[in-house]
Structures are given as structure tokens and as C-alpha cells.
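Engineer: sequence plus predicted model, see below.
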Amino acid sequence: MILIGMAAACTEEEIVTISATPDAPVLLSPTSGATLNLDQENADEVINFEFTPADFGFQAAVTYTVQMALEGNFEEVTDVVNSFGSPAIIRVADFNERLIQKGLTPNDAENVVFRVRASVNPNVENRYSESVALQVIAFAAELQFPRVYLPGDYQGWDPTNENTIIYSENSDGVYEGFVHILGGSGEFKVNETPGWEVNYGDNGPDGTLDPDGANLNVGDTFGTFRLKVDLNDMSYEIGTRRVWGIVGDATPGGWDTDTPLEFDSQENVLTLTVELNAGEMKFRANNDWGFNYGDDGTNGVLDADGANIVVSEAGAYTIVMDWKVPGQISYTLEKN
């Protein structure tokens, strides 16, 4: 049978007490030998992983991570869900997706082992529960990359916006992508779900993510930033600021001055409606030819140092530069 429960209220951060004998967590539920038969009709219901708290021998805020592996080989471990306390809760759809990414064959019963990792910070050795072996039956579904959500002032502090996210292309706990912050306070957070149950900031700021920590902040130098989040060691990196625009004899600034793009906070794209001349254009950042994109294949996908984009007829155009697909920057150029 599948072990499914209703989502519990947001848990408090787990605070371990001082103890002379540190203890690892114990995974209580699901129990060894149980069968998790996932059903697409129950995709929005949840699975609860229940466990006892870890004791590190001193007071600390603990992050718990449910991990899974095939045939007990935790050298190739996959993180299932993080939590600040028991239970760790994951939607059936999200859990199924991780199983498919792990290589399970839909509709076949396969043996999977689970454990709970308790971590404090990179300087303290993690503690692991004993593993629990389960039989799992996944259902067929379109594979998607794992993601984290990036609510912030730039998009109205909306954790449910499925456009303001970055992906883990290798499903390895490392997430990379771009965040466009062109206004507001410059503050944002990293959330594991489209809600506030598990969110991270930085109390330092020192490049280390803290559960429920202070808002991350790019400061007052707005633009587009490459963001890397590593949930394995709870670190993050905010890359160099880039302010993107269009340049060329088809644009208002000619070949000398970028015309800045604007930000659509709902769609998470850079866009501009502008009068263009017949001619050519490119996308460029910071008025610097070291960061320019054209289109070599006239296929709507941008290439670094690519061919000039032809504007065949003068008029009002809406331009969109889209960074949401991992590893690809696309654009549209539509005459109004």
C-alpha cells in the first residue's frame, strides 16, 4: 500500500539539545519491506517520511535530507526532499519524478533503499540513519528537471511562479540558471517548493545558505545574474551583473549604444516594445562586445557572437529574450 498523508503545517526548525552521546536520526516511516505503489490519480497527495531527531551533542539548527539509492549503493545517492524536522513531506508527483530520473521503469516493482541525512554545516560531520528497503512502483510521466523556486521583490514575492525557477540538469542537488532583478529591493530567497515550507537565505552573508535565513540580496546593481545553488553543501554563488539590451542599425541606439530590455516579472523574460528600422541587430550586455548574441541558424535560438539578426521592415516590434530553458537562450521578434 502507499503511505500517503495530508500535508502538515510548516514545521519549526529542529533544535538539538546538548548531549554527551550524539545520535543519528532513525527513519520510522515508511517501514522496511513496505510497498509504495504510486498512482498518477493521486499525484497531488503527499508522502510523509517520519524520523526521530538527530542529536549532535550541542545546540544547532538541523537540516534533514531523505536520500535514496538502488541496491543499497549510497555512492550514487539521490536527494528526495529536505526538511527542518519530521515529517519530511513530498508530493507524489515530485517523488515519482525523482524515481524516473533515478532510472526506475514505470509500472515495475523495484527495490529502493532510503535513509535520512542530518546536517548542521560543512564543518560538522553529517549523521545518517540506518537504511530502509522499500519496494516502489512508479508511474509513467514526462520527465522534468528538479527545480528550486526564487521568490523575491523583483517578482512580487510569489513562490508559486513556475517561471522564476532554476534547474538541476544532472539531478545532483546543484541548480543553475539566471535571475533577472531589474528593480525593487534586490532581495530574494531560494525555496525548495512553491511555498514557504523550506526556504533558504543567508544570515552572514557568507555564501552559505541558512534555513529561513535573511533575504539574499544583489544590492543596488540591478541586472541579470547567473545563480548557482548547491544544496549538497548549502552554498550559493551570484555571478557577474549583466544588463542586456539590443544594438544595431535597426535599433534606436545604432551600433554604439545598447537600448535596454525591460523585465516581465510574470513570464520571467526580458522584453521590449520598440520602433525598429529596417536593418540588423544583436543582443548585447553592458555595452560590451564581449557579451553579444546573434542567431547563426535563424532558428530563434541565440548564439554567442552569432550572426546579426535581420529586421526586414521598419515598424513597432515586441522583442523577447528568454532564458528559462536550461542551456539555451531563445528570442522572438514580432512586428505589432
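Structural biologist: That came through fine. Numbers count the residues shown, from 1 in each chain.
Engineer: where does the stretch 101-250 of the chain dip in pLDDT?
Structural biologist: Where the stretch 101-250 of the chain drops to pLDDT under 70, the residues are 143.
Engineer: ok, which stretches of it are helices?
Structural biologist: In the stretch 101-250 of the chain, no helices are defined using DSSP state H, counting those that start in this stretch.
Engineer: can you pull out the strands in the stretch 101-250 of the chain?
Structural biologist: With DSSP state E, counting those that start in this stretch as the criterion, the stretch 101-250 of the chain has strands at 109-119, 127-128, 132-137, 147-149, 165-167, 174-181, 187-188, 190-191, 199-201, 210-211, 216-217, 223-230, 235-238, 244-247.
Engineer: highest average neighbour count across those strands?
Structural biologist: Of all the strands of the stretch 101-250 of the chain, strand 244-247 carries the top mean neighbour count, a mean of 24, counting by mean count of other C-beta atoms under 10 Å. In short, each C-beta sits where N, CA and C put it, glycine included.
Engineer: can you lay out the strands of the stretch 101-250 of the chain as JSON lines showing distance to A93?
Structural biologist: Below are the strands of the stretch 101-250 of the chain laid out as JSON lines (distance: least, C-beta to C-beta, whole Å):
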{"stretch": "strand 109-119", "distance to A93": "17"}
{"stretch": "strand 127-128", "distance to A93": "27"}
{"stretch": "strand 132-137", "distance to A93": "14"}
{"stretch": "strand 147-149", "distance to A93": "13"}
{"stretch": "strand 165-167", "distance to A93": "16"}
{"stretch": "strand 174-181", "distance to A93": "19"}
{"stretch": "strand 187-188", "distance to A93": "25"}
{"stretch": "strand 190-191", "distance to A93": "17"}
{"stretch": "strand 199-201", "distance to A93": "20"}
{"stretch": "strand 210-211", "distance to A93": "24"}
{"stretch": "strand 216-217", "distance to A93": "28"}
{"stretch": "strand 223-230", "distance to A93": "22"}
{"stretch": "strand 235-238", "distance to A93": "26"}
{"stretch": "strand 244-247", "distance to A93": "34"}
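Engineer: and the spatially closest residue to V190 that is not a sequence neighbour, bridged to which residues?
Structural biologist: Among residues not flanking V190 along the chain, Y200 sits closest, at 4.5 Å (C-beta to C-beta, 6 or more residues apart in numbering). On the basis of DSSP bridges, Y200 takes part in beta bridges with V190, P211.
Engineer: my read: Y200 touches K189, true?
Structural biologist: Yes: Y200 is in contact with K189 according to C-beta atoms under 8 Å; the separation is 6.5 Å.
Engineer: neighbours around the residue nearest to T160 when sequence neighbours are not counted, how many?
Structural biologist: Spatial nearest neighbour of T160, excluding adjacent residues (C-beta to C-beta, 6+ apart): P194 at 4.5 Å. For P194, the neighbour count with other C-beta atoms under 10 Å is 16.
Engineer: list the residues that contact P194.
Structural biologist: 149, 159-162 (C-beta atoms under 8 Å, 6 or more residues apart in numbering).
Engineer: and with 7 Å instead?
Structural biologist: Residues near P194 by C-beta atoms under 7 Å, 6 or more residues apart in numbering: 149, 159-160.
Engineer: want to throw those residues into TSV with distance to G239?
Structural biologist: Output for the contacts of P194, formatted as TSV (distance: C-beta to C-beta, whole Å):
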residue	distance to G239
Y149	19
P159	23
T160	26
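Engineer: how much space separates D295 from G239?
Structural biologist: 24 Å (C-beta to C-beta, to the nearest Å).
Engineer: more crowded one of these two?
Structural biologist: D295 (20 against 13).
Engineer: just give the nearest non-adjacent residue to V198, would you?
Structural biologist: In space, V198 is closest to E192, 4.2 Å off (C-beta to C-beta, 6+ apart).
Engineer: ah, wrong one, I meant P252
Structural biologist: T259 (5.1 Å).
Engineer: can you check A34 too?
Structural biologist: L134 (5.5 Å).
Engineer: next, the contact list for the closest residue to V26 other than its chain neighbours, please.
Structural biologist: Excluding its sequence neighbours, the residue lying closest to V26 (C-beta to C-beta, 6+ apart) is T52, at 4.4 Å. With contact taken as C-beta under 7 Å, 6+ apart, T52 is in contact with 25-26, 28.
Engineer: pLDDT averaged over stretch 309-329, what's the number?
Structural biologist: Mean per-residue pLDDT for stretch 309-329: 93.
Engineer: span of that stretch from start to end?
Structural biologist: 14 Å (C-alpha to C-alpha, to the nearest Å).
Engineer: and stretch 137-154, by the same measure?
Structural biologist: With C-alpha to C-alpha, one end of stretch 137-154 sits 41 Å from the other.
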